[in-house]
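> this one's structure only:
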């Protein structure tokens, strides 16, 4: 469970991942997982392009410490331009988060193919590390 | 469509200090088309404002709604209850819609979330360019359907000026084509270049926004 004091801060990450980015034999997983010094909520998407700024901002407003998107490699998107659209939205979202004082690093996108649960956990861990420097989400518990 | 752009969030934060319950309202017509004030933008801005105010040390409760049209009185009734509960309204509609809301809910301070910028078309995804300046004396009939008022940096009525770049773009902005070059090209393509040499009556600028507030009256439509 997360703690709001910075010293014991265990970031709560929401990781939204494209189903197509998983290895073929990997069964999609959803729900909460505990990582090393962080926790993550895994959310399955049919395509990374399904992420929209309103959803991402609501997740942060509701207290998630960081959001990580896992998208397919640029040339491997099943919808051709889906991951590129997601990437542009994330860039815009990061700019907005910087403007409101939340810090751009609360939101990020990385690409990968043939991903396994360990890979997703590693991505979430990297986002947790980026978020750790920012401290807990000020909206937590509001 | 009427286009608008978000104001800097810092400016909105300045407006909202001292308020506790804020209603963010959008409009599902023009400003939705230009991705400034439709439902998607309202639902993005509302949590952003909550976060911005929290970080500013002035936490607020934010509610949101997107009206079908903010520039028609009938549609404003949909937010009557929410407006009564709010102690401030942020509107991301155009200046027309904002003023109607400010008039209907006169007891609640209204703040602009956008700057209304132009009458434009969506030229391509993510790019809007001016097409009309609401000048009140349309010259498109003389200029082959291309507006020199909205699309010439100098609103020249007889162009092009000497500032056209060698690649045909405007000297003011290298991404903007010289509209008079396009007018000449279209006239030439239609074999009517001579039409541009005809003397036209002076343009009636008194019917433009510079002529003061407009009041359009149609007795046949009045009750």
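Alright, I've got the coordinates. Only a predicted model underlies this, so the values are computations on that prediction, with no experimental measurement involved. Residues are numbered from 1 along each chain as shown, chains lettered A, B, ... in the order given.
> longest helix anywhere in chain A?
Assignment by DSSP state H gives helix A:82-99 as the longest helix of chain A.
> and chain A, which residues reach chain B?
A:52-54, A:57-58, A:60-61, A:96-97, A:99-102, A:138-139, A:142 (CB under 8 Å from any CB of the partner chain). C-betas here are computed from N, CA, C, even on glycine.
> redo that, cut-off 10 Å
Contact residues, chain A versus chain B (CB under 10 Å from any CB of the partner chain): A:52-62, A:88, A:92-93, A:96-103, A:106, A:137-139, A:142.
> just the buried residues of those residues.
Among those, those classed as buried by 16 or more other CB atoms under 10 Å in any protein chain shown are A:53-54, A:56-61, A:93, A:96-97, A:99-103, A:106, A:137-139.
> so for residue B:69, what's the nearest residue that isn't a sequence neighbour?
Leaving aside its sequence neighbours, residue B:69 sits nearest to residue B:75 (CB to CB, 6 or more residues apart in numbering or on different chains; 4.8 Å).
> next one: residue B:136
Using CB to CB, 6+ apart and skipping the chain neighbours, the partner closest in space to residue B:136 is residue B:207 (3.0 Å).
> which residues in chain B form strands?
B:2-6, B:21-27, B:61-67, B:88-91, B:110-112, B:114-124, B:127-132 (DSSP state E).
> can you give me the helices for chain B?
Assigned by DSSP H, chain B shows helices spanning B:9-16, B:30-33, B:39-55, B:73-76, B:80-85, B:95-104, B:148-151, B:179-189.
> any chance of the ones you listed in JSON lines, with mean neighbour count, distance to residue A:81 and mean pLDDT too?
Listed next are the helices of chain B as JSON lines, based on neighbours: other CB atoms under 10 Å in any protein chain shown; distance: least, CB to CB, whole Å; pLDDT from 0 to 100:
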{"stretch": "helix B:9-16", "mean neighbour count": "18", "distance to residue A:81": "29", "mean pLDDT": "98"}
{"stretch": "helix B:30-33", "mean neighbour count": "22", "distance to residue A:81": "21", "mean pLDDT": "97"}
{"stretch": "helix B:39-55", "mean neighbour count": "23", "distance to residue A:81": "19", "mean pLDDT": "98"}
{"stretch": "helix B:73-76", "mean neighbour count": "14", "distance to residue A:81": "35", "mean pLDDT": "97"}
{"stretch": "helix B:80-85", "mean neighbour count": "13", "distance to residue A:81": "37", "mean pLDDT": "97"}
{"stretch": "helix B:95-104", "mean neighbour count": "19", "distance to residue A:81": "33", "mean pLDDT": "98"}
{"stretch": "helix B:148-151", "mean neighbour count": "22", "distance to residue A:81": "31", "mean pLDDT": "97"}
{"stretch": "helix B:179-189", "mean neighbour count": "17", "distance to residue A:81": "31", "mean pLDDT": "98"}
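> ok so, going back, for the strands of chain B, give me a markdown table that also has mean pLDDT, distance to residue A:44 and mean neighbour count.
Formatted as a markdown table, the entries for the strands of chain B read as follows, by pLDDT from 0 to 100; distance: least, CB to CB, whole Å; neighbours: other CB atoms under 10 Å in any protein chain shown:
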| stretch | mean pLDDT | distance to residue A:44 | mean neighbour count |
| --- | --- | --- | --- |
| strand B:2-6 | 98 | 32 | 23 |
| strand B:21-27 | 98 | 30 | 26 |
| strand B:61-67 | 98 | 27 | 19 |
| strand B:88-91 | 98 | 34 | 24 |
| strand B:110-112 | 98 | 39 | 21 |
| strand B:114-124 | 97 | 33 | 16 |
| strand B:127-132 | 97 | 34 | 16 |
